[in-house]
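>>> sequence first, predicted model second:
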There are 4 protein chains.
Amino acid sequence: MASVFGNNIKISIFGQSHSSAIGVTIDGLPAGFKIDMDELAAFLARRAPGNSQYATPRKEDDLPEFLSGLVDGVTCGAPLTAIIRNTNTRPDDYRNLAEVPRPGHADFTAQIKYKGFQDPTGGGHFSGRLTAPLCIAGGICLQLLKARGIFIGAHICKIGSVSDISYDPCNVSVQDFKASQGKELPVIDSAAETAMSELILTQKSIGNSIGGAIECAVIGMPTGIGEPMFDGLENRISQSIFAIPAIKGIEFGCGFGVTEMTGSENNDDFYVDDNGVIKTATNNHGGILGGISSGMPIIFRVAVKPTPSIGIEQNSVNIPTKQNTKLIVKGRHDPCILPRAVPCVEAACAIAILDMII
Amino acid sequence: MASVFGNNIKISIFGQSHSSAIGVTIDGLPAGFKIDMDELAAFLARRAPGNSQYATPRKEDDLPEFLSGLVDGVTCGAPLTAIIRNTNTRPDDYRNLAEVPRPGHADFTAQIKYKGFQDPTGGGHFSGRLTAPLCIAGGICLQLLKARGIFIGAHICKIGSVSDISYDPCNVSVQDFKASQGKELPVIDSAAETAMSELILTQKSIGNSIGGAIECAVIGMPTGIGEPMFDGLENRISQSIFAIPAIKGIEFGCGFGVTEMTGSENNDDFYVDDNGVIKTATNNHGGILGGISSGMPIIFRVAVKPTPSIGIEQNSVNIPTKQNTKLIVKGRHDPCILPRAVPCVEAACAIAILDMII
Amino acid sequence: MASVFGNNIKISIFGQSHSSAIGVTIDGLPAGFKIDMDELAAFLARRAPGNSQYATPRKEDDLPEFLSGLVDGVTCGAPLTAIIRNTNTRPDDYRNLAEVPRPGHADFTAQIKYKGFQDPTGGGHFSGRLTAPLCIAGGICLQLLKARGIFIGAHICKIGSVSDISYDPCNVSVQDFKASQGKELPVIDSAAETAMSELILTQKSIGNSIGGAIECAVIGMPTGIGEPMFDGLENRISQSIFAIPAIKGIEFGCGFGVTEMTGSENNDDFYVDDNGVIKTATNNHGGILGGISSGMPIIFRVAVKPTPSIGIEQNSVNIPTKQNTKLIVKGRHDPCILPRAVPCVEAACAIAILDMII
Amino acid sequence: MASVFGNNIKISIFGQSHSSAIGVTIDGLPAGFKIDMDELAAFLARRAPGNSQYATPRKEDDLPEFLSGLVDGVTCGAPLTAIIRNTNTRPDDYRNLAEVPRPGHADFTAQIKYKGFQDPTGGGHFSGRLTAPLCIAGGICLQLLKARGIFIGAHICKIGSVSDISYDPCNVSVQDFKASQGKELPVIDSAAETAMSELILTQKSIGNSIGGAIECAVIGMPTGIGEPMFDGLENRISQSIFAIPAIKGIEFGCGFGVTEMTGSENNDDFYVDDNGVIKTATNNHGGILGGISSGMPIIFRVAVKPTPSIGIEQNSVNIPTKQNTKLIVKGRHDPCILPRAVPCVEAACAIAILDMII
């Protein structure tokens, strides 16, 4: 049940880092929706490494081939399947991972779970490469949401100790999304951009990596979406978001900030705006009350750990021989995964939201 | 699909704050397990307000009546249903909540979602009272886990700016759980306890409330549990945990701490211990790699917002008349929900873990 | 996952024949629907044994108590739970069933599955008594469907070699449903009624029982409901219907009659009726094409085996001693279960249909 | 949710008759199982039209390409995806189906459900061609079951009024499966084979088709598999089997035969065999009691309607103009679908059984 998500749409992701293809099936999309292929390609390009100095030099075209579910580019109600062929593979880089697991990766846990039968090459099904089909699915969901007036955007809000300016939780707009989306480092504030770039390149120069946080917002969300208890918006967004490797935390609205707040500080006053719409004066609740959307922007932040693949020698073990050993991770890696994780967060969020709205 | 959780066990929670009963059905429990009713009662007592100065004076006996699923106290394979009668109800306290929603509560979102047909009394199905059946289910799951050598414990790790000492992420033990569990404020460090108590009582004295954080650990977890992508341990624990009202964030291992770490700092070295068991020297990963248990303790923390029901006048709106108005929340409330939320976190975690193990 | 059904509504049935209560939780009902309690009671009365000469003398009032989900009899969006207390229990009748299984019952299979921990009394969770909560859920679903212009009815179409007249597959109406519903033997044709009655009473007089078939129709079904492949109407109705004990077969439209038909005989011609509605001239397809409703009445028939509890000595085994033995089944039994199974078929069908429409 | 099946394994089928590929993803297969590719190819060949005089002349190689989930032909725990390219397509044959629906097909219901956006070519996602990925999945499941000592076989038991000899419900063996599997018409009795062949070829000669029934058996089934109520073996097998187009009925054990039986006739006596195994003397219950396997062979029969695509002029309607019209179905069709449906029944059954056992 690993790689299937959704109640109203079912998203089934398949593939390994170096299998012949990776892909996704989406079942339950409404018929009659024309996918904007250029927009989808542009979205996928934000995840692709491209020529970014912050990303792996592994080249991935990542242009999806649609096998089913479309007639002349329009959804036909049948399950949509898209695949990406894996071409630029270098399995030799990963020969011994099944024996000597990389710290911070799933090599060890996969080895135990699958009793050594897992595909260790490049992390197999656990590879960050699997976020490509996630982004295909998410990119399509984003387009379906846009048609309903719902927009999702994200930016890097922190790398190391450097913070970007935050979205205005009550008034975040599509303009704010655009302010960061074209950039090699998707942040709003150029000073922060410069400082972050420096941080990343410093770590890169010594074969190390660095973590950070991403802020995501959903605007245009209708009021009343979500369910109490186990299928609230927080529950479902979290379940989807943690599908992205390297995410270690999520917080909604004020998040962990509430730990230092009193009720009178944290509660968001209701008021009627000039158009007769009921809003809250602040948005500490992040657009979600009781698991259900309040009509205010949904705001959440996720913690992204530093890429575990680093060029520095680490301590590991040889699993078959049960000996301590040293490990140098080969292969091509991102010194900071956050630029490429930003569209993944948007994608995972879009999947969760569309599933609850459709 | 709101109130149903689980793939291998199905937990279905029902009831409203002031309906004739609240309860839970658990489908899929293995047959032949004798529930320790005293242990269950002791667990539920930790959630009940009792006579605590930090809790609502509403008295709740909360002794479950088992309607089905047991033969002489032993599970028989049929769905287990337990209910708690609601007796000490004061619906007059909540008469106008459908019209004037309480800030920080689900009154407004429920009003929109259910078009005014929701049960507004005491928050209805959104009430914190629904954590009682959650704890019945969780308490039973905890016993089933204990029989498999798995133990779950939690404590208040922070209230306002006061922090308890943290669990040792590599060596947390059942002893550490016991260090806090008997206390009115379940914290480990007595100095912190005193300072927290002061904070809470100060807020209580002015009709206000205060938030905090809870740390939870799972020990004895077998290696290799969890699935990649959408059904990883982080995904499933999050989905379950956010069923507890007032939770606004969750982080695993170092959590948001990873945002300031480099790969070499965050990666946990593997080593072989004296018994030939592969472990990690540190536990920044919180016992989960690639969604799958590493055999190290699972560690996570959740942010708990201050009780939104406060005795201070707040700004709200009259929904039918679309007028701004003032609101004084009546009823009996907890100045700090964290002491009672601690067993809820253990319960929600136990449900998620058992569902993945069974 | 045994006793939970539904994608859009979740129906969770609990209880054993002689547990303190049996009941059902329905999650996902739309808020704002007023349940007609008299109509529900009348529906449940059709399943109850009453004073029928064809039914067990066990008295069951079967009046449901609603624990949650209603405010003044109107659904409030929260899960609805209703229970029925088991009062007229005679566990002594069933003492040795765990050791000596009754032929035709689930005693043996439950013994193996639950390793002897099952509740053997009266069949436990496998008892026909569990169709009472099924009928509570189904009775509510029928009312929700009626509000959408969809009506479901069933009648005994066969007992032994005696057949009732069939519904006209193209023109079955609510009138046809009413033609049988008030009767002790719910059949349309009085001559068949007399002959069936004789058959049943003859078997009853010798402590035996007899099987038969039930025909069910859904009218007012909108066109285009259902999904291809695994979630078609046939798939979902079947999954629901086989929850009724004693059902051993189901056929849609011409059913097994198609085995002797040619394509030109079986294909239903399309035509445009006087109101411009596209219909089929015949209804061999039973209202379902490709798993999806065609707008014609949905027609299906189910085979109901004779009540396995008979008063005649049978051959069985003593499970612990592995000895062949004789068994006389005590207790109170129906010589023919079909009259009481008719509303169960309507209920199970209603649950499946509502789940696909809502 | 149309095309996804399973609780413990998830099978997701995609593709349309004339899309660029059709395929299937299976999530949840145990790691470490070597798929016998020759055996799988042989199984798929039984479904392929080949050169059979009973089948369409459309050539389908149907050799699956495995995109993921395997390492050197061994399952690796990651979702397994296999596709078949659609090459021999003739879309011109199907140009007007969206306007003038074929009687007995899903053209009309799909048109309404998908509002004209469905893929009408060759029936799109509703095509019998989609049973190819069903058979890939089923063929793999059969191998996994075989490794557990469970075998599934089926044969044509009836075409028109001609019946094959039935399996001995108590003693059916793998030998019985082999008795029919190699044949162009998979029946056991050669006299029946000759008569059936004649029936089919007579219908073929006049552009017509003919229906029939298939009998399927599961042997080696462990006792105690299945769940009460909604997830019993009958429920789950039915849900899976009705995914095969053209199936209109299913009956277990004596099936509709029970309608004419008394309890004493239908009940299967228990006895202890020479090896101390508890069995039933007869197998009217078809190996399932209370939804749970009894250890006796599981026996069921399905009704298969005549291929709706026939070469004879039929009455239909023009949907856009709402006019009655005549239709001649072009394209290449099977005069009798049963030979090719036999492996599909085995496949669908295998999927349901494996899902409940794993």
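It's in.

>>> and A:S20, how many neighbours?
A:S20: 17 surrounding residues under other CB atoms under 10 Å in any protein chain shown. Backbone N, C-alpha and C define where each C-beta goes, glycine included.

>>> quick check: which element contains the nearest residue to it once chain neighbours are set aside?
Leaving out its chain neighbours, the residue that sits closest to A:S20 by CB to CB, 6 or more residues apart in numbering or on different chains is D:L67, at 5.4 Å. Under the criterion of DSSP states H and E, D:L67 resides in strand D:65-68.

>>> paired strands for that strand, with orientation please.
According to DSSP bridges, strand D:65-68 forms sheet pairs with strand D:80-85 (antiparallel).

>>> so which other helices or strands are in contact with whichever helix or strand comes after the strand it pairs with?
The first helix or strand that comes after strand D:80-85 along the chain, using DSSP H and E, is helix D:107-113. Packing contacts for helix D:107-113, counted by 3 or more CB pairs under 8 Å, 6 or more residues apart in numbering or on different chains; DSSP states H and E, involve strand C:292-293.

>>> what pLDDT is listed against whichever residue of the stretch 251-358 of chain A sits closest to chain B?
Taking CB to the nearest CB as the measure, the stretch 251-358 of chain A has A:G290 as its residue closest to chain B, at 2.4 Å. A:G290 carries a pLDDT score of 97 in this model.

>>> nearest residue to it other than its sequence neighbours?
B:A106 (2.4 Å).

>>> how about A:L327?
A:S316 (4.2 Å).

>>> with A:D273 instead?
In space, and not counting its chain neighbours, A:D273 is closest to A:K279: 5.3 Å by CB to CB, 6+ apart.

>>> what's the neighbour count on the one you found?
Neighbour tally, A:K279, other CB under 10 Å: 18.

>>> contacting residues around it?
A:170, A:270-273, A:295-296 (CB atoms under 8 Å, 6 or more residues apart in numbering or on different chains).

>>> so for the lengthiest helix in chain A, what gets flagged as buried?
Assignment by DSSP state H gives helix A:338-357 as the longest helix of chain A. Neighbour counts over helix A:338-357 (16 or more other CB atoms under 10 Å in any protein chain shown) mark A:338-357 as buried.

>>> shouldn't A:V258 be within a strand?
No - under DSSP: H, G, I helix; E, B strand; the rest coil, A:V258 sits outside any strand and is assigned helix.

>>> quick one: pLDDT of it?
At A:V258, pLDDT is 98.

>>> got it, and A:A352?
If you check A:A352, the pLDDT there is 97.

>>> what's the closest non-adjacent residue to it?
A:S240 is the one closest to A:A352 (CB to CB, 6+ apart), at 4.0 Å.

>>> show me where chain A has helices.
A:37-47, A:107-113, A:131-146, A:174-181, A:190-205, A:233-241, A:263-266, A:338-357.

>>> what helices or strands is the first one leaning on?
For helix A:37-47, the helices and strands in contact under the criterion 3+ CB pairs under 8 Å, 6+ apart are helix A:131-146, helix A:338-357.

>>> average pLDDT for that helix?
pLDDT averaged over helix A:37-47 gives 96.

>>> what angle separates it from helix A:174-181?
Counting by axes from the mean of the first three to the mean of the last three CA atoms, to 10 degrees, helix A:37-47 lies at 50 degrees to helix A:174-181.

>>> buried ones in helix A:37-47?
A:40, A:43-44, A:46-47.

>>> now stretch A:197-217, how far from the chain's geometric center?
Centre-to-centre, stretch A:197-217 and its host chain are 16 Å apart (CA atoms, centre = their mean, to the nearest Å).

>>> any idea how far apart the tips of that stretch sit?
From its first residue to its last, stretch A:197-217 covers 24 Å (CA to CA, to the nearest Å).

>>> equivalent analysis for stretch A:264-280, please.
Length of stretch A:264-280, first residue to last, CA to CA: 14 Å.

>>> ok, now stretch A:322-330?
End-to-end distance (CA to CA), stretch A:322-330: 22 Å.

>>> for A:K305, give me phi and psi.
Backbone torsions for A:K305, taken as degrees, to the nearest 10, come to phi -80, psi 160.

>>> what sits against the closest residue to it other than its chain neighbours?
Once flanking residues are discounted, A:K305 sits nearest to B:V258: 4.1 Å by CB to CB, 6+ apart. For B:V258, the contacting residues are A:211, A:248-249, A:303-306, B:266, B:284, by CB under 8 Å, 6+ apart.

>>> picking up where we left off before, starting at the chain centroid, how far to the strand holding D:L67?
Using CA atoms, centre = their mean, the distance between the centre of strand D:65-68 and that of its chain works out at 23 Å.

>>> what does stretch A:293-303 give?
15 Å.

>>> for stretch A:203-223, same thing?
9 Å.

>>> how about that stretch and chain C, any contact?
No - using CB under 8 Å from any CB of the partner chain, stretch A:203-223 stays clear of chain C, with a minimum separation of 14.8 Å.

>>> chain C contacts on the stretch 151-300 of chain A?
Near chain C, when you scan the stretch 151-300 of chain A using CB under 8 Å from any CB, you find A:P228.

>>> got the contact list for the residue nearest to A:G290?
B:A106 touches A:228, A:289-292, B:123, B:126, B:245, counting by CB under 8 Å, 6+ apart.

>>> for chain C, state which of those residues is nearest.
Using CB to the nearest CB, the contacts of B:A106 come closest to chain C at A:P228, 7.5 Å.

>>> quick check: A:I319 touching A:F108?
Yes - look at A:I319 against A:F108 with CB atoms under 8 Å: they come within range, at 7.4 Å.

>>> looking only at neighbour counts, state which of those two leads.
Taking other CB under 10 Å, A:I319 and A:F108 do not tie; A:F108 has more neighbours (28 against 20).

>>> burial measure for the residue nearest to the more buried one when sequence neighbours are not counted, as a count.
Of all residues not flanking A:F108 in the chain, A:P101 sits nearest, at 3.7 Å (CB to CB, 6+ apart). Neighbourhood size, A:P101 [other CB under 10 Å]: 26.

>>> A:G149 - how many residues pack around it?
10.

>>> the helix or strand of chain A with the lowest mean pLDDT vs chain C: in contact?
Sorting the helices and strands of chain A by mean pLDDT, DSSP states H and E puts strand A:4-5 at the bottom, at a mean of 84. No - on the criterion CB under 8 Å from any CB, strand A:4-5 is out of touch with chain C, staying 13.6 Å away.

>>> name the helices or strands packed onto that strand?
Under the contact definition 3+ CB pairs under 8 Å, 6+ apart, strand A:4-5 sits against strand A:10-14, helix A:338-357.

>>> out of the helices of chain A, nearest to B:D119?
helix A:233-241 (20.9 Å; CB to CB).

>>> list the contacts of the closest residue to A:I150 other than its chain neighbours.
Nearest in space to A:I150, with sequence neighbours left out and distances taken as CB to CB, 6+ apart, is A:G220 at 4.4 Å. Contacts for A:G220 (CB under 8 Å, 6+ apart) come out as A:148-151.

>>> note down every partner strand of the least confident helix or strand of chain A and its orientation.
Strand A:4-5 has these strand partners (DSSP bridges): strand A:10-14 (antiparallel).
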